[in-house]
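Engineer: Sequence plus the predicted model coming up.
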Amino acid sequence: MNIEQARYNMVEQQIRPWDVLNQDVLDLLFKIRREDFVPEPHRALAFVDMEIPLGHGQFMWTPKLEARAIQELDLRPTDRVLEIGTGSGYLTALLAARAAEVVSVDIVPEFTAAATQTLRAHGIHNATLLTFDAAREVPDNFGFDVIVLTGSTPLLSDAFRRSLKVGGRLFAIVGEAPVMQAQLVTCTAPGATRSVVLFETCVAPLLNAPQPAAFVF
């Protein structure tokens, strides 16, 4: 397989047609080698428009979803980022390439360990990886400019909104299968946020995500 041709085809045939037109984002996809973050048994699928299994019921997002999230978050060189769900570490690498600092947490220790090793091998040192259940709480109280949830959640915890600095952006996929909505939440003032629905999609749920209260007769 011609790796660079496959990467080019991924960008031109999957990602650009999905309204990812920011050239800096597109250039980043050539800089950070996606195949290096894909589990060895599935490496041949690195550029395919599909979710790639990571184990523990979790999956890498499709390439176009990764790129669209990076574009929508409008990352800045001074941003402090919180990623909920490290997974393979590929999205972590994209975030770290455009932000000052990334704190990435995952409930699965194997993901944290493997992603740390891969990120360090790629010279990425501004990402701190933690094993932590962040489905309902945030690992510190200093606030973030950007928060991204890589697993879907039926309800978006208020803890995430409260952890956004003014002007901060949060990307989350909210709802239950088969219909979920990708949302961009912006903190407009202390304690105030605005939400915009970007598109519909469906991804694996965040482990231990808060559930709506069951209706009891």
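Structural biologist: Thanks, I have the structure now. Residues are numbered from 1 along each chain as shown.

Engineer: residues in contact with the lowest-mean-pLDDT helix or strand in the chain?
Structural biologist: Across the helices and strands of the chain, the lowest-confidence element by mean pLDDT, DSSP states H and E is helix 158-162, at a mean of 91. Outside helix 158-162, the residues within contact range by CB atoms under 8 Å, 6 or more residues apart in numbering are 84, 136, 137, 138, 147, 149, 170, 172, 185, 187, 191, 193. C-beta here means a position set from N, CA and C on the backbone, and glycine is covered the same way.

Engineer: With secondary structure and distance to residue 50 as added columns, please give those residues in CSV.
Structural biologist: CSV is the format used below for the contacts of helix 158-162 (DSSP: H, G, I helix; E, B strand; the rest coil; distance: CB to CB, whole Å):
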residue, secondary structure, distance to residue 50
84, strand, 22
136, coil, 30
137, coil, 32
138, coil, 31
147, strand, 26
149, strand, 21
170, strand, 26
172, strand, 22
185, strand, 28
187, strand, 34
191, coil, 40
193, strand, 33
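
Engineer: would you turn the residues you listed into TSV with distance to residue 202?
Structural biologist: Compiled in TSV, these are given as follows (distance: CB to CB, whole Å):
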residue	distance to residue 202
84	18
136	22
137	26
138	25
147	21
149	14
170	19
172	14
185	19
187	27
191	31
193	24
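
Engineer: if we can go back for a sec, so for the least confident helix or strand of the chain, what gets flagged as buried?
Structural biologist: 160, 161 (16 or more other CB atoms under 10 Å).

Engineer: what's the burial count for residue 176?
Structural biologist: 15 (other CB atoms under 10 Å).

Engineer: quick one, phi/psi of it?
Structural biologist: Per-residue torsions, residue 176: phi -130, psi 150 (degrees, to the nearest 10).

Engineer: who does it bridge with?
Structural biologist: residue 179 (DSSP bridges).

Engineer: quick one: it and residue 54, what's the gap?
Structural biologist: According to CB to CB, to the nearest Å, residue 176 stands 21 Å off from residue 54.

Engineer: cool, and residue 127?
Structural biologist: 18 Å.

Engineer: OK, contacts around the nearest residue to residue 10 once chain neighbours are set aside?
Structural biologist: Among residues not flanking residue 10 along the chain, residue 47 sits closest, at 4.1 Å (CB to CB, 6 or more residues apart in numbering). Each residue near residue 47 by CB under 8 Å, 6+ apart is listed here: 6, 7, 9, 10, 34, 35, 63.

Engineer: again, 7 Å this time
Structural biologist: 6, 7, 9, 10, 34, 63 (CB atoms under 7 Å, 6 or more residues apart in numbering).

Engineer: Excluding chain neighbours, give the residue nearest to the fifth one in space.
Structural biologist: Once its chain neighbours are removed from consideration, residue 34 has its nearest residue in residue 46; the separation is 5.2 Å (CB to CB, 6+ apart).

Engineer: The one you found is in contact with residue 38, isn't it?
Structural biologist: Yes: counting by CB atoms under 7 Å, residue 46 touches residue 38, with 4.5 Å between them.

Engineer: More neighbours: which of those two?
Structural biologist: Relative neighbour count places residue 46 above the other of residue 46 and residue 38, with 22 against 19, counting by other CB under 10 Å.
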